[in-house]
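Engineer: Sequence and predicted structure, then a few things I'm wondering about:
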Amino acid sequence: MEKGWIKIQTYTDVIRGEIDKQMLEENGIPAVLLNKQDSSFMFGKIDLFINENDFEQAQRLIQESGSEENEN
C-alpha cells in the first residue's frame, strides 16, 4: 500500500465492503478493498483503505450510510 493510505473500516461481508467502496468513489474519494478472506471457506476480514487526507469526509459518509459493521 502506498504511503498516506489508512484503514478506515473492516468488514466480514464483502458485499457491504464493495457498497461502501463504490459510495466513497461516487463522492470523489478513491478507495481500495484488501480482501484477506480465505477463498474456500469465506472467513476472514476485508479492509477498506482511503487516503488519510479524506478520512473525515469518508468516515462521515460511511456513518451516514449506516455501515458500521466493525469500527476501525
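Structural biologist: Yes, it's here. As the structure is a prediction and not an experimental result, all values here were calculated from the model.
Engineer: my guess is M23 contacts Q63, does it?
Structural biologist: No. Taking contacts as C-beta atoms under 8 Å, M23 lies outside contact range of Q63: 11.7 Å. Where C-beta positions appear, they are placed from N, C-alpha and C, glycine not excepted.
Engineer: Looking at these two, which one has more neighbours?
Structural biologist: Of the pair M23 and Q63, M23 is the one with more neighbours under other C-beta atoms under 10 Å, namely 17 against 11.
Engineer: Distance check, that one against K3.
Structural biologist: From M23 across to K3, the span is 25 Å (C-beta to C-beta, to the nearest Å).
Engineer: Nearest the middle, which residue of this structure would you pick?
Structural biologist: What sits nearest the mean C-alpha location of the chain, by C-alpha atoms, centre = their mean, is L48, with 2.5 Å.
Engineer: Isn't it up against A31?
Structural biologist: Yes. In this structure L48 lies within contact range of A31 using C-beta under 8 Å: 6.1 Å.
Engineer: Give me the common contacts of those two.
Structural biologist: D20, K21, L24 (C-beta atoms under 8 Å, 6 or more residues apart in numbering).
Engineer: nearest to N35, of those?
Structural biologist: Distance to N35, by C-beta to C-beta, is smallest for K21 among these, at 11.0 Å.
Engineer: what sits against that closest one?
Structural biologist: By C-beta under 8 Å, 6+ apart, K21 lies in contact with A31, V32, L33, L48.
Engineer: What is the nearest of those residues to R16?
Structural biologist: Where those are concerned, and distances follow C-beta to C-beta, R16 has its nearest neighbour in L48, at 9.7 Å.
Engineer: any idea what sits nearest the closest one, other than its immediate chain neighbours?
Structural biologist: Leaving aside its chain neighbours, L48 sits nearest to Q9 (4.3 Å; criterion: C-beta to C-beta, 6 or more residues apart in numbering).
Engineer: Longest helix of the chain, counting residues only.
Structural biologist: For the chain, the helix that runs over the most residues, judged by DSSP state H, is helix 14-26.
Engineer: ok so, going back, going by neighbour count, which residues in the strand or helix carrying the residue nearest to L48 are buried?
Structural biologist: Under DSSP states H and E, the secondary-structure element containing Q9 is strand 5-11. Neighbour-count burial for strand 5-11 flags W5, I8, Q9, T10, Y11 (criterion: 16 or more other C-beta atoms under 10 Å).
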